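In: Below are the sequence and a predicted model; questions follow.
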Amino acid sequence: MLAHTIVHIDMDAFFAAIEQVDNPSLKGKPVVIGADPKKGQGRGVVSTCSYEARKFGIHSAMPISKAYQKCPHAIFLPGRMSRYHEMSERIFKILYDFTPDVEPISVDEAFLDITGTERIHGPALDAGLKIKKSIKEKTGLIASVGIAPIKMAAKIASDLCKPDGILEIKKDHLIDFLWPLPIEKLWGVGPKTKAILNGLGIKTIRDLAHHEREDLCQKLGETGDHLYCLSHGIDQRSVEFNDEVKSVSHEHTFQHDTSDKEVLHRTFLYLSEKVSRRLRVEKLRGKTITIKVRYEGFKTYTRAVTLSVSTNFIDDIYSNARNLFEGFYTAANKVRLLGVRVSNFKELYIQDSLFKENAKEKKERIHKAVDLIKNKYGEKSIHRAI
């Protein structure tokens, strides 16, 4: 079997770093991207933050009020998704200069398969350094790079060498690299799985590798078998370089669980607007609208509807999301998280008529005008009422 060389690229503090590049006065300062902290009374969460902010214990998904308490002098910014997507596109263009085999994971993260590119870019480590240098020169941003024969190890390597690092794990040293690591470093081991494994006396990847495979399968099913293989450096997953966008989604976690209908409807409107704008940035229309509702206690439900015509309009997304929600929600349940997703992108994004402007096109122009206003004057410059 051909040995692969997998590279994992992870941009360091991506959103915050872009703000610091665009505004040099922010460099070296704690920058937090997320909801308005409202002097410690805000109800949103941190999207990301600079490494200077992380020194105060701030991290992604932390309640914004807690972030303010930890560092009230931090610079809190609402975020500019259109700018972040613009920079993401520039970074991916750089990655495609090195190989066509690029698997986007998110706007700031990707896998590359550079197997067989040695004649062009040199040894794997040299190629990784060239990627880092090119990103820095063309965007001003910093990437961390992990290199390994399998995807899982490449991702772990990039995580361990952050920030601004590069780490190559050669095939002969793969097991020596993996086995001392804590079990939660394995891709797919979350808090629940970690608790089960710890209950079996498994704390490190070495412990997992020496545990009976059958027992792991009994306790965790297919996941147990998969983790056993990973612990032995076996990861059959290849770099999937089909970069077609499958869905566009946005979620919001409430600082305090709520059953307030007005708050819930307003949040659905906010999420629908975020998704609507993302779809237009990506030049997409979708037919399937899905909502996600997580109650206190983390019990999670999804509901979906498929429309007859594709859309990226906020009114269509919001009205359907709200109807789905009203169809099963009862006020006795408090909500912890809401999410909205649009998928099923089968129709091309084309003009409906070359000769006349129909109702859909007029609506499209209105949405684009609102987008331009928000891009120029900020998210709060114009908004819809429920």
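Out: Received, thanks.

In: Which is the succeeding secondary structure element to the longest helix seen in the chain?
Out: Across the chain, the longest stretch assigned as helix under DSSP state H is helix 261-281. Using DSSP states H and E, the helix or strand that follows helix 261-281 in sequence is strand 286-295.

In: picking up where we left off before, could you give the mean pLDDT of the longest helix of the chain?
Out: For helix 261-281, the mean pLDDT works out to 90.

In: now do stretch 18-27
Out: Stretch 18-27 comes out at a mean pLDDT of 97.

In: sorry, back to before: what's the angle between the longest helix of the chain and strand 286-295?
Out: Here helix 261-281 points in a direction 140 degrees away from that of strand 286-295 (axes from the mean of the first three to the mean of the last three C-alpha atoms, to 10 degrees).

In: So which bits of helix 261-281 are buried?
Out: For helix 261-281, a neighbour-count test (16 or more other C-beta atoms under 10 Å) marks 264-265, 267-281 as buried. Every residue, glycine included, has its C-beta placed from N, CA and C.

In: got it, and stretch 138-156?
Out: 139, 141-156.

In: Likewise for stretch 307-314?
Out: Buried residues in stretch 307-314 (16+ other C-beta under 10 Å): 307, 310-314.

In: In strands, which of those residues fall?
Out: Assigned to strands by DSSP state E, the following of the buried residues of stretch 307-314 qualify: 307, 310-311.

In: who touches stretch 190-202?
Out: Residues from elsewhere that reach stretch 190-202, judged by C-beta atoms under 8 Å, 6 or more residues apart in numbering: 183-184, 189, 203, 207-208, 211, 215, 219-220, 223, 227.

In: let me fix that: stretch 18-31
Out: Stretch 18-31 is contacted by residues 16, 33, 49-50, 52-53, 55-56, 58, 71, 73-75, 77, 80, 83-84, 87, 139-141 when judged by C-beta under 8 Å, 6+ apart.

In: cool, stretch 301-313 as well?
Out: With contact meaning C-beta under 8 Å, 6+ apart, stretch 301-313 is reached by 276, 279-280, 284-295, 316-317, 320, 323-325, 327-328, 342, 344-347, 363-364, 367.

In: now the residues you listed: which count as buried?
Out: 276, 279-280, 284-295, 316-317, 320, 324-325, 342, 344-345, 364, 367.

In: sorry, back to before: write the ChimeraX selection for whichever of the contacts of stretch 18-31 are buried.
Out: Command for ChimeraX that selects the buried part of those, burial taken from 16+ other C-beta under 10 Å:
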select :16,33,49,50,52,53,56,58,71,74,75,77,80,84,87,139,141
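
In: Among the contacts of stretch 18-31, name the ones in strands.
Out: 33, 49, 75, 77.

In: from the residues you listed, which is closest to Phe92?
Out: Of all these, Ile33 has the smallest distance to Phe92: 20.6 Å, by C-beta to C-beta.

In: For that closest one, give me its contacts.
Out: Ile33 makes contact with 15-16, 19, 46-49, 77-79, according to C-beta under 8 Å, 6+ apart.

In: Over to Lys203?
Out: Residues in contact with Lys203 (C-beta under 8 Å, 6+ apart) are 182-183, 197.

In: How about Leu227?
Out: The contact partners of Leu227, taken as C-beta under 8 Å, 6+ apart, are 186, 188-189, 193, 208, 216, 220.

In: Can you say which of the residues you listed are buried?
Out: Buried members of the contacts of Leu227, counted by 16+ other C-beta under 10 Å: 186, 189, 193, 208, 216, 220.

In: Looks like the fifth one contacts Gly224 (just checking).
Out: Okay, so that is Leu216. Yes. The pair Leu216 and Gly224 qualifies as a contact (C-beta atoms under 8 Å) at a distance of 3.4 Å.

In: I'd like the ones in strands among the buried residues of stretch 307-314 laid out as TSV, including pLDDT and distance to His8.
Out: Converted to TSV, these look like this (pLDDT from 0 to 100; distance: C-beta to C-beta, whole Å):
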residue	pLDDT	distance to His8
Leu307	90	37
Ser310	91	34
Thr311	92	35
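
In: Pick the one among those residues closest to Ile169.
Out: Among these, Ser310 lies closest to Ile169 (C-beta to C-beta), at 43.7 Å.

In: The closest one: what's its closest spatial neighbour, skipping adjacent residues?
Out: Once flanking residues are discounted, Ser310 sits nearest to Arg285: 3.7 Å by C-beta to C-beta, 6 or more residues apart in numbering.

In: I'd say the one you found and Leu279 touch.
Out: Yes. With contact defined as C-beta under 8 Å, Arg285 counts as touching Leu279 (6.7 Å).
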